[in-house]
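Colleague: Could you work out the structure for the sequence below:
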Amino acid sequence: MSFDLESLSEATSGAIGSLVSTTILYPLDTCKSKYQAEVRAHGQQKYRYLSDVLWEAIKNNQVLSLYQGLGTKNLQSFVSQFLYFYGYSYFKKLYLEKTGAKSIGTKANLLLAAAAGACNAILTQPLDTASSRMQTSAFGKSKGLFKTLTEGSWSDAFDGLGISLLLTANPAIQYTVFDQLKQNILKGKQNKSEQGSSPVVLSAFTAFVIGAISKSIATVLTYPAIRCKVMIQAAHDDETKENRPKVQRTVPGVVHSIWRKEGVLGFFKGLQAQILKTVLSSALLLMIKEKITSTTWVLILAARRYLLLTRPKLKSS
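Modeller: Residues are numbered from 1 along each chain as shown. Prediction:
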């Protein structure tokens, strides 16, 4: 079995970038998830603002619980981003080889990104479900990965898969916008430095800005589905069972619950928190990825060369 080295480099750098950004922003992610998961019951709300989640953790001396599920989230994030970037890079290269085109149009880019996202969602859904349940558990009551996954039936581990497949439109929109902006910026830089031999790359600040712009656009367009997914995957602790009946494990149940208890605006509850977290996370991810891609590529080529040089020695011995 042989791997496409360019795709492997893209996948590795993307996964590392995701790991770093996820760890840095995890407390914010936990607050956001718990805030999104709550639905108003009988006119009452536990969390009126995102900051209420943070103050609850501080008041109950459970600040470290803001990191509950970090290991699972990091594992899910690393595997997910590795699979996504590998698939996305591989599909793009395959498309160019098969069509003979010199560049990829917007429509083709969206389809390729969606295909990579769908493959990724199916393979990593159990980890995604587990990390959501661990984050939305009551502070200090989060369970381990194995116990979280084995609590219910095997199908429960795939809660929210339908919406996850629908949400492949989110990274598809994000990375398509990012790639189009990136190509336009790099073309401008290449025109200015045609005589230079060194490769033209984005600066960290530029990568951060266009990463933030692309993710903001994707988040606003897909947010109602994002909130429904969080509610489907949320933990059902004893203290919240009344407010989250079993019917809410289904998409129609969640939609009906939000509509009945919170109205149209309920579908956008937590949008600001989602934009803040995902924009910072994605911008950091893409900035780190752009900065380490060349280093990762050099390391992979060096490792490949070392393996090729040592293979004859191993065979002879």
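Colleague: only C-alpha atoms for contact and neighbour calcs from this point on.
Modeller: Noted.
Colleague: neighbours of the nearest residue to S281 once chain neighbours are set aside, just the number please.
Modeller: Excluding the flanking residues, the one nearest S281 by Cα to Cα, 6 or more residues apart in numbering is S21, at 5.3 Å. If you count neighbours by other Cα atoms under 10 Å, S21 ends up with 23.
Colleague: and Y84, how many residues sit next to it?
Modeller: 26.
Colleague: could you give the mean pLDDT of the helix or strand it falls within?
Modeller: Remark: Y84 resides in helix 70-99, with elements defined by DSSP states H and E. Averaging pLDDT along helix 70-99 gives 86.
Colleague: Can you pull the poorly scored residue ranges out of this structure?
Modeller: Within the chain, the ranges that satisfy pLDDT under 70 run 1-7, 40-44, 192-200, 235-249, 294, 297, 306-307, 311-317.
Colleague: Quick one: end-to-end length of stretch 91-110, please.
Modeller: For stretch 91-110, the first and last residues are 11 Å from each other (Cα to Cα, to the nearest Å).
Colleague: Show me how far that stretch is from its chain's centre.
Modeller: With Cα atoms, centre = their mean, to the nearest Å as the basis, stretch 91-110 stands 24 Å off its chain's centre.
Colleague: Likewise for stretch 159-174?
Modeller: The answer for stretch 159-174 is 10 Å, by Cα atoms, centre = their mean.
Colleague: Okay, buried residues for it please.
Modeller: 159-161, 163-174 (16 or more other Cα atoms under 10 Å).
Colleague: again, but for stretch 113-129
Modeller: Neighbour-count burial for stretch 113-129, counted by 16+ other Cα under 10 Å, picks out 113-121, 124-129.
Colleague: out of these, which are inside strands?
Modeller: When DSSP state E is applied, the buried residues of stretch 113-129 are split such that none fall in strands.
Colleague: Return the closest of those with respect to D179.
Modeller: For those, the residue nearest D179 by Cα to Cα is A113; the value is 11.0 Å.
Colleague: looking at it, the closest one is touching Q174, isn't it?
Modeller: No. Using Cα atoms under 8 Å, A113 makes no contact with Q174, being 9.2 Å away.
Colleague: Report the secondary structure state of A138.
Modeller: Following DSSP: H, G, I helix; E, B strand; the rest coil, A138 is assigned to coil.
Colleague: Tell me how many other residues surround it.
Modeller: Neighbour tally, A138, other Cα under 10 Å: 19.
Colleague: any idea how far it is from S80?
Modeller: For A138, the distance to S80 equals 26 Å [Cα to Cα].
Colleague: List of residues touching stretch 159-177?
Modeller: 106, 109-115, 117-118, 121-122, 125, 129, 211, 214-215, 217-219, 221-222, 225-226, 228-229, 232-233, 249-250 (Cα atoms under 8 Å, 6 or more residues apart in numbering).
Colleague: Pull the distance from stretch 149-160 to the chain's centre.
Modeller: Per Cα atoms, centre = their mean, the displacement of stretch 149-160 from the mean C-alpha position of its chain is 20 Å.
Colleague: Using CSV, list the CA coordinates for it.
Modeller: Output of stretch 149-160 as CSV, limited to C-alpha atoms (Å, rounded to 0.1, in the frame of the first residue of the first chain):
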residue,chain,number,x,y,z
LEU,A,149,-19.4,4.8,24.0
THR,A,150,-20.7,1.6,25.6
GLU,A,151,-23.5,3.1,27.7
GLY,A,152,-26.1,2.6,25.1
SER,A,153,-26.5,0.6,21.9
TRP,A,154,-23.9,0.7,19.1
SER,A,155,-26.3,2.9,17.1
ASP,A,156,-26.2,5.5,19.9
ALA,A,157,-22.5,6.1,19.1
PHE,A,158,-23.6,7.4,15.7
ASP,A,159,-26.1,9.9,17.1
GLY,A,160,-26.1,13.0,14.8
